[in-house]
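Visitor: The following comprises the amino acid sequence and a computationally predicted model.
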Amino acid sequence: VVQAKNGLEALNKIKTGYLPDLILLDVMMPKMTGYEFCQKIRLRYSVNELPILMLTAKNQVSDIVMGLEVGANDFLTKPVFKEELLARIKTHLELSKINIAYSYFVPHQFLQILNKKSIIELQLGEQVQREMTILFSDIRGFTSLSEKMTPQDNFDFINSYLSQMEPVIRQHHGFIDKYIGDGIMALFPNGANDAVRSAIAMLEKLVEYNQGRQRAGYRPISIGIGLNTGELMLGTVGGKNRMDGTVISDAVNVASRIEGLTKIYGGALLITEYTYAKLSDPSQHHIRVIDTVKVKGKSEKITVYEVFDMDQPKSIVLKNKTQSDFKKGFMLFHDEQFNEARTFFENVLQVNPNDKAALLYLEHCLKILSMTIPEKPEILIVDDMPFNLKLLSDVLISNNYKVVVARDGKTALKMANLKRPHLILLDVIMPGMDGFEICQQLKANPKTQDIP
């Protein structure tokens with residue numbers, strides 16, 4: 001038992017973090033009446049979360065009605081029998097436990113959005129349309145990880161991980177719609193800012209969680225998170241004897257697809273243009289454009305951004321430093337100007353060799369260019385004899401080829417790596433490095449191995 005002499009004192013106790021299982025509340029008190037106290041408490045906690053029993057000398061019907069209207073669960077008039085008081089306390093504590101247990105399966109936010117006070121008010125087919133931000137997250141390489149564990153170990157691992165992430169989502173005003181194995185689908189009714197902050201906080205929590213795993217002798221894990229914002233239908237589906245709360249929307253499918261892209265680009269957090277547009281101040285985060293994708297079932301393309309606030313400090317600096325070149329390369333690539341785009345992605349990789357997205361774009365550019373013959377294909381001539389170089393150059397240039405030359409093997413390898421010509425004419429007998437050795441090195445290099 002914890003006591004308070006008036007409503008104001010009781011309210012201050014709760015504001016500082018104290019939360020009882022049940023409140024016995026008098027009505028007539030100085031500073032704040034029981035009615036006023038009850039109204040204020042109900043702004044924080046519903047009748048299902050925190051039961052309040054009014055225990056007062058006020059015994060008129062109007063007093064009882066007033067108490068129930070402001071949010072009391074029950075109303076007892078003094079004098080009261082001890083047995084009755086204890087019986088009602090036990091009943092309301094039991095009901096509270098049941099309601100809390102239901103909330104594990106049907107979140108309070110779900111009921112609030114449907115404008116329901118209790119799960120017993122839910123009916124099949126009820127639904128509401130709202131704009132929300134959807135979060136999908138997934139553990140990378142979970143299948144290979146789970147294959148090495150027993151079923152019990154799998155459950156222990158998943159629950160230890162999810163128990164770290166669920167409070168983070170709740171702290172940022174989101175709620176979990178469903179768990180999908182090791183994955184999480186969460187909804188943020190208040191919009192994109194909450195969702196992005198929550199995703200960053202999840203990645204921060206993951207760092208802490210991985211430190212614990214390493215201390216216990218387990219290898220760290222990584223996750224990918226995708227966010228999308230849009231209109232969705234939230235409601236109940238099912239049949240007479242079994243129904244479930246769910247969300248139906250293209251926006252959900254898009255969020256799931258965006259989460260999948262984190263595996264390709266190596267970023268931990270990706271958001272769509274719709275989420276980006278809803279951020280109150282994008283400059284508060286480290287963000288760069290990363291892709292334009294067409295989602296299955298939709299005709300228009302969607303621009304995707306990477307939020308890299310949780311990268312290592314050095315990586316953040318390098319990505320910010322190369323952001324201009326990356327964006328230019330991105331725009332040229334999607335305008336199908338692959339040769340020009342290649343140059344910008346090469347510039348990015350010279351500054352930040354570990355930029356997986358830039359490397360992926362460069363590889364796409366090279367693959368496309370290797371299958372595309374321009375109006376003036378470029379040929380690299382490697383020969384140490386000036387006469388041969390001039391003769392071959394004159395013949396090729398007159399036949400609408402672009403020509404570059406190298407007089408030795410070292411120069412040839414460097415030019416092939418940078419220029420990536422469409423074809424190489426290679427002499428064999430040369431000083432320093434002969435044509436056979438040059439050819440071997442060209443074919444051993446992934447960047448030049450496909451050049452004929």
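Guide: The structure has been received and is ready for your questions. Numbers count the residues shown, from 1 in each chain.
Visitor: which stretches of the stretch 101-250 of the chain have low pLDDT?
Guide: By pLDDT under 70, the weakly predicted segments of the stretch 101-250 of the chain are 101-126, 243-244.
Visitor: let's see 80
Guide: Scanning the stretch 101-250 of the chain for pLDDT under 80 picks out 101-129, 143-146, 234-248.
Visitor: The closest residue to residue 219 other than its chain neighbours sits in which helix or strand?
Guide: In this structure, residue 219 finds its nearest non-sequential neighbour in residue 213, 7.1 Å apart by CB to CB, 6 or more residues apart in numbering. (Each C-beta comes from the backbone N, C-alpha and C, glycine too.) Here residue 213, judged by DSSP states H and E, is contained in helix 192-215.
Visitor: Quick check: next helix or strand after that helix?
Guide: Helix 192-215 is succeeded, C-terminally, by strand 223-238 (DSSP H and E).
Visitor: Can you give me the buried ones in that next one?
Guide: 223, 224, 225, 226, 227, 228, 229, 230, 232, 234, 235, 236 (16 or more other CB atoms under 10 Å).
Visitor: Repeat that for stretch 310-319.
Guide: Of the residues in stretch 310-319, 310, 311, 318, 319 count as buried by neighbour count, 16+ other CB under 10 Å.
Visitor: and the buried residues of strand 223-238 as a markdown table, adding distance to residue 414?
Guide: Shown next, in a markdown table, are the buried residues of strand 223-238 (distance: CB to CB, whole Å):
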| residue | distance to residue 414 |
| --- | --- |
| 223 | 41 |
| 224 | 38 |
| 225 | 41 |
| 226 | 41 |
| 227 | 43 |
| 228 | 45 |
| 229 | 48 |
| 230 | 50 |
| 232 | 54 |
| 234 | 60 |
| 235 | 63 |
| 236 | 66 |
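Visitor: Could you check how far the spatially most central residue of the chain is from residue 201?
Guide: In the chain, the centroid-proximal residue (CA atoms, centre = their mean) is residue 225; its distance is 2.4 Å. Per CB to CB, to the nearest Å, residue 225 is found 11 Å from residue 201.
Visitor: for residue 353, same thing?
Guide: Between residue 353 and residue 201 the computed distance is 30 Å (CB to CB).
Visitor: which one of those two has more residues nearby?
Guide: residue 201 (17 against 10; other CB atoms under 10 Å).
Visitor: could you pull out the helices for the stretch 351-452 of the chain?
Guide: Remark: helices assigned in the stretch 351-452 of the chain by DSSP state H, counting those that start in this stretch are 356-370, 386-398, 409-419, 435-444.
Visitor: Take these and write them to CSV, including mean pLDDT and mean neighbour count.
Guide: Listed next are the helices of the stretch 351-452 of the chain as CSV, based on pLDDT from 0 to 100; neighbours: other CB atoms under 10 Å:
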stretch, mean pLDDT, mean neighbour count
helix 356-370, 88, 18
helix 386-398, 94, 13
helix 409-419, 91, 17
helix 435-444, 95, 15
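Visitor: Now do the residue nearest to residue 219: how many residues are near it, please.
Guide: If you count neighbours by other CB under 10 Å, residue 213 ends up with 16.
Visitor: pretty sure it is touching residue 220, no?
Guide: Yes - when contacts are counted by CB atoms under 8 Å, residue 213 is listed as touching residue 220 (5.8 Å).
Visitor: And stretch 251-267, what's buried?
Guide: Buried residues in stretch 251-267 (16+ other CB under 10 Å): 251-259, 261-262, 265, 267.
Visitor: so who does the residue nearest to residue 219 touch?
Guide: Residues in contact with residue 213, defined by CB atoms under 8 Å, 6 or more residues apart in numbering, are 219, 220, 221.
Visitor: top of these by neighbour count?
Guide: residue 221 (17 neighbours).
Visitor: That one: what's its closest spatial neighbour, skipping adjacent residues?
Guide: Computed as CB to CB, 6+ apart, the closest residue to residue 221 that is not its neighbour in sequence is residue 139, at 5.6 Å.
Visitor: Check the offset of stretch 308-320 from the chain's centre.
Guide: Centroid displacement of stretch 308-320 relative to its chain, using CA atoms, centre = their mean, to the nearest Å, is 17 Å.
Visitor: What segments of the stretch 201-350 of the chain are helices?
Guide: With DSSP H, counting those that start in this stretch as the criterion, the stretch 201-350 of the chain has helices at 250-265, 273-278, 313-321, 323-334, 338-351.
Visitor: In CSV, list those along with distance to residue 162.
Guide: Shown next, in CSV, are those (distance: least, CB to CB, whole Å):
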stretch, distance to residue 162
helix 250-265, 16
helix 273-278, 23
helix 313-321, 28
helix 323-334, 34
helix 338-351, 37
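Visitor: So for residue 38, which of the ones you listed sits nearest?
Guide: Taking CB to CB, helix 273-278 is the member of the helices of the stretch 201-350 of the chain nearest to residue 38, at 36.6 Å.
Visitor: thinking again about what came up before, so the helix holding residue 213 versus helix 250-265, what angle?
Guide: 40 degrees (axes from the mean of the first three to the mean of the last three CA atoms, to 10 degrees).
Visitor: Show me which residues of helix 192-215 are buried.
Guide: Neighbour-count burial for helix 192-215 flags 192-203, 206, 209, 213 (criterion: 16+ other CB under 10 Å).
Visitor: which one among those residues gets closest to residue 303?
Guide: residue 192 (14.7 Å).
Visitor: Surely the residue nearest to residue 221 and residue 164 touch.
Guide: No - Residue 139 is not in contact with residue 164 according to CB under 8 Å; the separation is 11.9 Å.
Visitor: Look at the two and report which has more neighbours.
Guide: residue 139 (21 against 15).
Visitor: Can you name the residues that contact that one?
Guide: If you count contacts by CB under 8 Å, 6+ apart, residue 139 has them with 145, 161, 182, 183, 221, 222, 223.
Visitor: For beta bridges, what are the partners of it?
Guide: Note on residue 139: beta-bridge partners by DSSP bridges are residue 223.
Visitor: Contact partners for residue 230?
Guide: Contacts were defined as CB under 8 Å, 6+ apart; by that measure residue 230 touches 131, 132, 134, 249, 250, 251, 254, 274.
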